[in-house]
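**Q** Build me a model from this:
(chains A and B)
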Amino acid sequence: MSERTGSGAPLLEVQDLVVHHGQLRALSGISLRVYPGDVYAIIGANGAGKSTLLRTIAGLHRPTGGSIGYEGRDVTRIRPEKRAMAGIVMVPEGRRLFPSLTLEENLKVGATYARKGPWTIERVYDTFPFMKDRRGQKTAQMSGGEQQQVAIGRALVANPRVLLLDELSLGLAPVIVQRIYGVLPQILASGVTVLLVEQDVSQALRVATHLQCLLEGHTTLEGRPSDVTAEQVEAAYFGMAGAASGHPGEGSER
Amino acid sequence: MAWVNAIIQGILTGGLYALFACGLSLMFGVMKVVNLAHGDLATIAGYVGIGVIAATHMPFLWSVPIVVLVMAALGYVLQRTMIQAALHRGELTTLIVTFGLSMVIENGLLQFFTANNRGLGVGQGIVTASFSIGSHIQIAWLLVIIFVLAVVVLLGLQYYLSSSKYGRLIRAVADDREAAQLSGADYRHVFGIAAAIAFGTVALAGVSYSMTTVIDPTTGTDTILLFAFAAVVIGGIGSLWGTLVGGIVLGVAQQIGAQVNISYEVLAGYVIFLVVLVIRPQGLTARRSQS
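**A** Next comes the predicted model:
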C-alpha cells in the first residue's frame, strides 16, 4: 500500500525482525512502522507470533535478526528496563501484577522509574474510579477485569510514549473488554501512542488506525481498517491460499 | 525451676538463631537462592571483626558497623557477579556455586587463620555479666542483648521492606522479575541490594556468635548453616517473623533436650525440625499457599 501520511518520522520502526524460541522460528522478518498518535493493531491466530513481537519490542526476547528503532535510534540491544525508562512500556499478557503488593504499591512500582509526563497515580485513580477505595487491597483478590485495569494503570504511571498492550481481552467477558477499551481515547488524548496485540479481531478493527495481520511469523495483511475488507482479513487470519495474495496491503511491500 | 530456666534460655538463644536465619530466608524469598555459604559468610564476618579489632585496636562496638558494611558490600558484589551468573544458568546451579563458595571460604580460613578457634575480644565484662531471677535462674546479659538485636533487625527489615522504595522493589522483583523489568527496574541491581541486606544480617549473626563462643573455620557449616536452615524450615520459608518463631522453637527444644540429658541438646533441635517438616512442611507461621 501507499506510504502512510504519518506526521514525520515513525516513533517505532521494526525492520525484518527475526526471533527464534530455541530451534523454533517464531518471527520471520516482520517489519512495521508506528507513527505518533497511531493505534496500531497486530492481529492473528494463536501462535502467529503476536506476543513474541510485542515482547521483543519491549526487550524481553533477543532477536536473531533485524532491528528495532525508537525515536530514531537503534534500541535492538538495549535492556528491557532501559526501554521502559525511555518510554516503551508494556502491559504484559496475563496482566502479571505483583500479587503480594497492594493495588497502590503496584502503581508505585510502575511510577518508580517514570518519565516526566501527565500520568500520576492520582490521575489513574480518576480514570479508573473503582481503584481509589481499594488501593490498599492485594490485587490477587480482584476480578480479572479489575486486574487488567491495574496493569494498564501501572504502565500509564510510567508515562509511556508508546504503550504496548498484549491481549487485553484475554479471558475477560465482552462487557468488561468494552469498558477497558473505553479508556483508550483518554490514553490517546494524553499523547500516548498505542501498539496492541489482539486475538479479538472485531475489537481490534473498532479501535485501530492501522492493522497488521500475522500468520506463523509472517505478515499476511497490512493496512488501514477502512481499506481492507472482511474477506481479506479472514483470509489473512486463517491463511487461505491465494486469497491473501495480490491485493493492496501485502506485507512484503514495506 | 530447671525447666523454666531451660525455656527462658532457649527463647533467648532463639534470637541468635533468628539472626542466623533471616538472611538465608531473605535470599531464598527474593532470589530463590539457597545460599549454602551462608554459615561460612557469618564466620568470615567473625574473623573480619577479629581482624579489624586486632589491626586498629578500635573498641569492639565501633568495629560492628564496619563489619556490617564490609559484608554488605561483599554481598552486593557476590550477587552481581557469581550468584547472578549462576542464577542465569538455573536455580540448581546456585546450589553448586554457593557450595563451592562455602568450601573455598572454609579452606581459605583454614589457610590463613589455622584450625585454632578464636573469639572476639570484647572484654570479659559483657560476656560474663548476668542477672538472676530468684535463686535458680541466671540470665546472661549478652543473650538478652542479642535477642533484642534480633528483634530490632527483624523490625527494621520489615519496615524497610514495607515502606521504602527499594523494599517495595525487592518484593515486586520477588513476585515477578520480568514484570518489574517492564516497569523499568533492573532486577539484578535489586537482587544486589537484597543480598547486601542479607549479608549485613549475616555479619551481625557472625559477630554475635563469636561473642557468645569461639569460632573456627568449620563453624559456619557445622553449626550456623544447619541451625539457620532448621530455624527457617520450622518457622516457614520466606517469612521474616517465622525465622524468630523458628529460632525460638529450635532454641527451646535444644535447651529442653539438654535438660533431659546434656548429650541430647543438638539432637532435640533436629527432632523438632523433622517433626515440623513432616506435620507442617510449610512451617509454623506460613499460610498454606493457594496456588
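
**Q** can we go C-alpha only for contacts and neighbour counts from here?
**A** Will do.

**Q** remind me which residues of the stretch 151-254 of chain A are low pLDDT?
**A** Scanning the stretch 151-254 of chain A for pLDDT under 70 picks out A:241-254.

**Q** ugh, wrong one, the stretch 1-150 of chain A
**A** Flagging of the stretch 1-150 of chain A using pLDDT under 70 yields the residue ranges A:1-7.

**Q** got the residues of it near chain B?
**A** Residues of the stretch 1-150 of chain A lying close to chain B by CA under 8 Å from any CA of the partner chain are A:58, A:60, A:80-85, A:89-90, A:92, A:96-101, A:105-106, A:109-114.

**Q** 10 Å instead?
**A** A:55, A:58-60, A:79-92, A:95-101, A:105-114 (CA under 10 Å from any CA of the partner chain).

**Q** Count the neighbours of residue B:116 for me.
**A** For residue B:116, the neighbour count with other CA atoms under 10 Å in any protein chain shown is 10.

**Q** and the residues of the stretch 1-150 of chain A next to chain B, which of them are in helices?
**A** A:55, A:58, A:80-86, A:105-112 (DSSP state H).

**Q** Quick check: chain neighbours aside, which residue is closest to residue B:221?
**A** Spatial nearest neighbour of residue B:221, excluding adjacent residues (CA to CA, 6 or more residues apart in numbering or on different chains): residue B:39 at 5.4 Å.

**Q** I figured the one you found hits residue B:215, correct?
**A** No: contact between residue B:39 and residue B:215 fails when scored by CA atoms under 10 Å: they sit 11.4 Å apart.

**Q** In terms of neighbours, single out the busier of those two.
**A** More crowded of residue B:39 and residue B:215, by other CA under 10 Å: residue B:39, with 30 against 23.

**Q** list the contacts for the more buried one?
**A** For residue B:39, the contact set (CA atoms under 10 Å, 6 or more residues apart in numbering or on different chains) comprises B:20-21, B:24, B:45, B:102, B:106, B:202, B:205-206, B:218-229.

**Q** For it, give me phi and psi.
**A** phi -60, psi -40 (degrees, to the nearest 10).

**Q** ok, now residue A:214?
**A** Torsion angles, degrees, to the nearest 10, at residue A:214: phi -110, psi 150.

**Q** Distance of whatever residue of the stretch 51-200 of chain A ends up closest to chain B relative to residue A:110?
**A** In the stretch 51-200 of chain A, the residue found nearest to chain B is residue A:81; the distance is 3.9 Å by CA to the nearest CA. In this view, residue A:81 and residue A:110 are 11 Å apart by CA to CA, to the nearest Å.

**Q** Look at the two and report which has more neighbours.
**A** Between residue A:81 and residue A:110, counted using other CA under 10 Å, the more crowded position is residue A:110 (30 against 25).

**Q** circling back: list buried residues within the residues of the stretch 1-150 of chain A next to chain B.
**A** Taking 16 or more other CA atoms under 10 Å in any protein chain shown as the criterion, what is buried in these is A:55, A:58-60, A:79-92, A:95-101, A:105-114.

**Q** can you map out the helices along chain A?
**A** A:50-58, A:80-86, A:103-112, A:121-127, A:144-156, A:174-181, A:184-189, A:201-207, A:230-238.

**Q** Return the residues in contact with residue 148.
**A** In the absence of a named chain, this looks at chain A. Contacts of residue A:148 (CA under 10 Å, 6+ apart): A:91-97, A:142, A:154, A:168-170, A:172, A:176-177, A:180.

**Q** my bad, chain B
**A** B:12, B:15, B:16, B:142, B:154 are the contacts of residue B:148 under CA under 10 Å, 6+ apart.

**Q** Looking at those residues, spot the one nearest chain A.
**A** Of all those, chain A sits closest to residue B:154, with 18.9 Å by CA to the nearest CA.

**Q** For that closest one, grab the count of nearby residues.
**A** Using other CA under 10 Å, residue B:154 has 20 neighbouring residues.

**Q** Isn't it up against residue B:20?
**A** No: with contact defined as CA under 10 Å, residue B:154 and residue B:20 do not form a contacting pair (11.7 Å).

**Q** what do the two both touch?
**A** Joint contacts of residue B:154 and residue B:20 (CA under 10 Å, 6+ apart) are B:201, B:243, B:244.

**Q** pull the CA atoms of stretch A:143-159 into PDB?
**A** Output of stretch A:143-159 as PDB, limited to C-alpha atoms (Å, rounded to 0.1, in the frame of the first residue of the first chain):
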ATOM      1  CA  SER A 143     -11.500  -9.700  39.300                       C
ATOM      2  CA  GLY A 144      -9.700 -10.300  36.000                       C
ATOM      3  CA  GLY A 145     -11.100  -7.000  34.600                       C
ATOM      4  CA  GLU A 146     -10.000  -5.000  37.600                       C
ATOM      5  CA  GLN A 147      -6.600  -6.600  37.500                       C
ATOM      6  CA  GLN A 148      -6.300  -5.700  33.800                       C
ATOM      7  CA  GLN A 149      -7.100  -2.100  34.600                       C
ATOM      8  CA  VAL A 150      -4.500  -2.100  37.400                       C
ATOM      9  CA  ALA A 151      -2.000  -3.400  34.900                       C
ATOM     10  CA  ILE A 152      -2.800  -0.600  32.500                       C
ATOM     11  CA  GLY A 153      -2.600   1.900  35.300                       C
ATOM     12  CA  ARG A 154       0.800   0.500  36.300                       C
ATOM     13  CA  ALA A 155       2.000   1.100  32.800                       C
ATOM     14  CA  LEU A 156       0.500   4.500  32.400                       C
ATOM     15  CA  VAL A 157       2.100   6.000  35.600                       C
ATOM     16  CA  ALA A 158       5.500   5.300  33.900                       C
ATOM     17  CA  ASN A 159       4.400   7.900  31.300                       C
END
